[in-house]
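**Student:** I need the structure of the sequence given here:
(2 chains)
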2 protein chains.
Amino acid sequence: MEDLSFIPDLPSGPLDVYRKKASFDWKRLKLAMEGDIDLLRLKYKIWHTLEKDPLFAHKSVTPSVEEQKRIAQLQLNKINEYNFIPKVSLKGGYSKRTRAVMTLNEAIQSLNPSVSVKMAIGMYLFSNAILSLGTERHLKFYEAVFFNREILASYALTEIAHGSDARLMRTTATYDPNQKQFIINTPDFEAAKCWVGNLGRTCTHTLLFAQLITPDGAGHGLHAFLVPIRDPATLETYPGLVVGEMGEKIGVNGIDNGFIMFNQYRIPRENLLNRTADVTEDGVYESSFSDPSRILGAALENLSAGRIGIMQESCHSMSSAVAIAVRYAATRTQFGERCREIPLIEYQLHQWRLFGYVAAAVVFRVYIESFTRVYLEIVEKSNAGIKVDNLSEAVSEIHAMVSCCKPLLTWSVLAAAQECREACGGHGFLKASNLGDIRSNHEPTVTYEGDNNVLSQQAGNWLLRQYHSATTAGSVDSPLGTVLFLTDLTEILKQKFIPGTAVKSEHFLMSTYKWLICYVLKQTHQKYESELDRGLSKFEARAKCQVYKWKTLSKLYAEYLALLFFLEELQKKDEELQPVLRKLFMLYGLWSLDGHLVELYQGGFAAGEDCARAVRDAVLQLCAELEGEVVGVVDALAPTDFVLNSVLGNSDGNLYQNLQKTLFSNPGAFERARWWQEVVNVPKSKL
Amino acid sequence: MEDLSFIPDLPSGPLDVYRKKASFDWKRLKLAMEGDIDLLRLKYKIWHTLEKDPLFAHKSVTPSVEEQKRIAQLQLNKINEYNFIPKVSLKGGYSKRTRAVMTLNEAIQSLNPSVSVKMAIGMYLFSNAILSLGTERHLKFYEAVFFNREILASYALTEIAHGSDARLMRTTATYDPNQKQFIINTPDFEAAKCWVGNLGRTCTHTLLFAQLITPDGAGHGLHAFLVPIRDPATLETYPGLVVGEMGEKIGVNGIDNGFIMFNQYRIPRENLLNRTADVTEDGVYESSFSDPSRILGAALENLSAGRIGIMQESCHSMSSAVAIAVRYAATRTQFGERCREIPLIEYQLHQWRLFGYVAAAVVFRVYIESFTRVYLEIVEKSNAGIKVDNLSEAVSEIHAMVSCCKPLLTWSVLAAAQECREACGGHGFLKASNLGDIRSNHEPTVTYEGDNNVLSQQAGNWLLRQYHSATTAGSVDSPLGTVLFLTDLTEILKQKFIPGTAVKSEHFLMSTYKWLICYVLKQTHQKYESELDRGLSKFEARAKCQVYKWKTLSKLYAEYLALLFFLEELQKKDEELQPVLRKLFMLYGLWSLDGHLVELYQGGFAAGEDCARAVRDAVLQLCAELEGEVVGVVDALAPTDFVLNSVLGNSDGNLYQNLQKTLFSNPGAFERARWWQEVVNVPKSKL
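**Tutor:** Got it, this is the predicted structure:
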């Protein structure tokens, strides 16, 4: 057995009573979810190091938005100095180094999401883009950002009037053969690049997407350019640029999001990232030759890496939220009888409100850890020029998976954070509970890196193509095997719910999900075809099939994927952990299935009382069975107390002592308001 | 026709194209929802007055939490000075003066929710409590607070370790016959009163709930006391008190929530609010005689007034949120074909995401306006000693209605605000969109004045009593008539969905809701009885019936009430408004019904594809039919642009001009960071 003594033991206290009930060792569960002991050790090393550094001390009052930006940048610089991942590791294999970077990102995100976003955009998204879109001549930028951390970059795609529809971006890069330069121009404010992280105050370079125009006036579509923004020595922006800060946001105010307008701003010809196309010195546009499989891998990397990072972060945010709410529920009592007040955690309603999210946090964590490995292996092989069977199909499948799972995970975290806040009552409304910050810092993830609703449609597109292929050719393009079952669609759709079926079984759960996906796919396809038959264009027909169809489909597929991958991993876990993991799996599965009962009835899979009752009874039973386990589960999910930073969720369980300490130490808590003279209102009568 | 010229016309602009499509005059719709032209005029007067007052100017960056408290108190004082409701009106009839106060509260809440809460707690909740719980000797406090606005008060009930379960409060008030005083004491931090609005910095008096103990050592339960907190001339707290500020919160940081511990703090005997019970000078506890119907009315007033205020505010918050998102959707285009980019508002998915909330905003507004009138009439009659038939039953029914509707409304607003933010994409994440503040300031309403889950259980209790009465005695205690139909339960439950039924009909909707309430009531009752049969106590059995039963029931009843009251009001509205109001009614009804399809199938009301398909098709049809109407509807829902305060939701529809103006005028937007020298990181190589 691995030595896990680097994970500090938890303090004894009121939570012991539940901890003793757990059927497993929480540290083993933690390792099982993390998947790699070295990465887990790295995470603890980061957390322990930063806990001792005053620059990372928590503030009891939110600093001003400008001060948050200053702190975030200082923290980022300091993290770079700590060299948590030694250069030698960074130069190691792609998969290994990327996982190390991802672990660093997760560890930082739990502590200050603004810093991890600044790092992810300014270093990793940027350097990945250079690797995948650039050539030899751009490697110095890669070195400067990725290895030497000399410059902080940004990524300028979105414009004021266009986000999801990148084709319509209006910033231009016109080649001038006389000066051998591109002239970047913003026609008007609506075409200003905006929401660019790091651009508002700090970045020195940006990766800009603009419409490439050759001297003959021909447009060649969006291309990527390396554009200097600020003098690295003074942080003054260069002439020809109007760069502004976006102002206060709902969350992540440590990120300096910016907007920029280019006024005939010139950059060298070489700053075009020219892996797939280039412009000659004379101004002729040329598609360059390259190994198509490598380009595909690179494109995949570019599209998916950021979203996978978001999913990893989502797992951490959800873990923190449920850890706070479950520990609170175990230490807060309410109502009762016979002189015994009952801890919230023992109430069925409270269990139902929280435990589904606890289960989701575990299932998602294991799923994403496993999926990341699969993903990185494919990219690594592709980058190394190793032939990957059906690479193009695998890329499409992975894109579909990411496109439905990023919405599922990010929306689930939003819902979880909200339910956890409410489950902590008024005290949850304190900033010191941290539930508000977890929520508002997480909130933009449902919009950025692909709006959730738009992404969901892309997953649906792929599924419909597979449906078409399965029903016409009898085969699907699913190298990862996630939808191979579609070829059995006709058989699958014959299934019916038999009253008395044991719903707490893997087989029931997975086969019911398969039925649901087949059913909703068929419905969606029929609806789509009927809209085409009515004379609508494909675009219009798709738009008419979103509600109740495409959207549902994408959600079903995402939930199914999480269950599928979890189940595969489950077998590899310690025997001691199997019972609790199996319960969490069943709870997540049935709790999610509860959201699709209408389709089960509508499609004739179920009729009458039994099916809904069986599923719902099982959910409540599982909640009851997990009552003694969840405190241990959230111990395994939670980061250290310093990182969790919640007065309600401290691992010592001393709820009221911690609250008292926090309330009594708020700056100025007991002072008379400094502005008392301005508001005093002496009554005419003595009262 | 009433002269509505006091409502300013809306500026012409990009929204005209949709405004012209509307089938009605938006000002008429506004009046129809407001219900009273004088109150509507008052609201505009308040808004226009405050718009001109620099103290109420919006800040582009959130002030510090301490500064927010200062501003809120200054604004409250200024509002008092404006005397928007003249004293003569305040001394008028109860119903009339209360509605005026409610209108003032709504108008202020749309602008700065912290101020309206400070006012509601510090003036109206307090003075109402004095009227209902106090006697002659306390009237000077009523005068001082309500008429003369000399003192600001607070309301201290919740303790650190006890909220919903008021019986277990541990603050004591022990009578000392020697000094003829009560000695208030807090045994420990867990019994500190907390979350008391206005207590942290500003109030001079609090209405305290404490366990009354007589010199013989007997405890007499919770009683209310008037307790001086601060010297009105200096705002210094009195000796014997430890008063602290709660610190930063997720929202409404303008409210100075406080906590307090009493150290053998003495108050005069007369400060006991002694309407129902008193302690003699010698220390004998005596229940006093009083007209029981007046006490009931007063109790009702106390319990419900605050929650009704929250529901009114919720209507306003939802109106603002949907106004912003709909106007954005009408001016933001995305994707398209044949060179035409399509406004978001034309996409089915976008309509479905937003229009249900638009309909909810209208239905809730009309419902609450009508319900408030019914409620105030009963209280007024009861206060005046006029006999009200079945007063006690009416009080119970109203309590049940409020207990399920406050959760429905406040949760709906949370969901709406979130969906509206997401529907505005990244730009919705700007503070300047106002969607974040609307949401976080609204958030505590799901917890305070009765946690939503706890309140829902109370509504369920009443419904189950009526079920019992209907099924055993064949009658119900429903003076307001909301559940008279329960006596037909057996007949109602025989209903089935007939394929081909026109679901877009009032009859279908209302009868299906009746079926659902009957069905879930029966299920809940059976479950409850079976738990009792298993030997559980009533308390335990109730706890086992919450999920899928009690909770569902309470939601169904609340939705039914909104539809029922709306339908009754509908007939009284202008003919011109009927078509759009009818569509909004149907949409809200079917969109809500969509959430209960499982029960329809489970209970055998529906089978097969037809029912779910019919309901959902109708929802989408109604969305399409409302495409041309919603801009007009949100014009009627929205406050003035100054109050709405959203860069995305301005009534001129000049989305990008407004965004540019806002982004360009953010303080320091174009400046180099002042802290640039601290973070600069000069690269070794020239890049």
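**Student:** buried ones in the helix or strand residue A:519 falls within?
**Tutor:** Here residue A:519 sits within helix A:506-533, counting by DSSP states H and E. By neighbour count on 16 or more other CB atoms under 10 Å in any protein chain shown, the buried set for helix A:506-533 is A:508-510, A:512-525, A:527-528, A:531. To be clear about C-beta, it is placed using only N, CA and C from the backbone, and glycine gets the same treatment.
**Student:** what bridges to residue A:209?
**Tutor:** Residue A:209 has the following beta-bridge partners by DSSP bridges: residue A:224.
**Student:** Give me the distance between it and residue B:334.
**Tutor:** In this view, residue A:209 and residue B:334 are 17 Å apart by CB to CB, to the nearest Å.
**Student:** Between those two, which has more neighbouring residues?
**Tutor:** Each of residue A:209 and residue B:334 has its neighbours counted (other CB atoms under 10 Å in any protein chain shown); residue A:209 has more, 24 against 21.
**Student:** residues touching that one, list them.
**Tutor:** By CB atoms under 8 Å, 6 or more residues apart in numbering or on different chains, the residues touching residue A:209 are A:156-157, A:166, A:169, A:171, A:222-225.
**Student:** Residue A:364 - nearest residue in space that isn't next to it in sequence?
**Tutor:** Nearest residue to residue A:364, sequence neighbours excluded (CB to CB, 6 or more residues apart in numbering or on different chains): residue A:315, at 5.1 Å.
**Student:** Report the secondary structure state of that neighbour.
**Tutor:** helix (DSSP: H, G, I helix; E, B strand; the rest coil).
**Student:** Would you list the phi and psi of the residue nearest to residue A:341 when sequence neighbours are not counted?
**Tutor:** Excluding its sequence neighbours, the residue lying closest to residue A:341 (CB to CB, 6+ apart) is residue A:333, at 3.6 Å. With angles defined as degrees, to the nearest 10, residue A:333 sits at phi -110, psi 160.
**Student:** number of nearby residues for residue A:333?
**Tutor:** If we define neighbours as other CB under 10 Å, then residue A:333 has 18 of them.
**Student:** still on that earlier bit, could I get the contacts of residue A:209 as JSON lines with pLDDT?
**Tutor:** Shown next, in JSON lines, are these (pLDDT from 0 to 100):
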{"residue": "A:156", "pLDDT": "95"}
{"residue": "A:157", "pLDDT": "93"}
{"residue": "A:166", "pLDDT": "78"}
{"residue": "A:169", "pLDDT": "92"}
{"residue": "A:171", "pLDDT": "97"}
{"residue": "A:222", "pLDDT": "91"}
{"residue": "A:223", "pLDDT": "93"}
{"residue": "A:224", "pLDDT": "93"}
{"residue": "A:225", "pLDDT": "96"}
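**Student:** Which residues are in contact with the closest residue to chain B within the stretch 251-400 of chain A?
**Tutor:** Here the residue of the stretch 251-400 of chain A nearest chain B is residue A:349; by CB to the nearest CB that distance is 4.0 Å. Neighbouring residues of residue A:349 by CB under 8 Å, 6+ apart: B:453, B:543, B:546-547, B:551.
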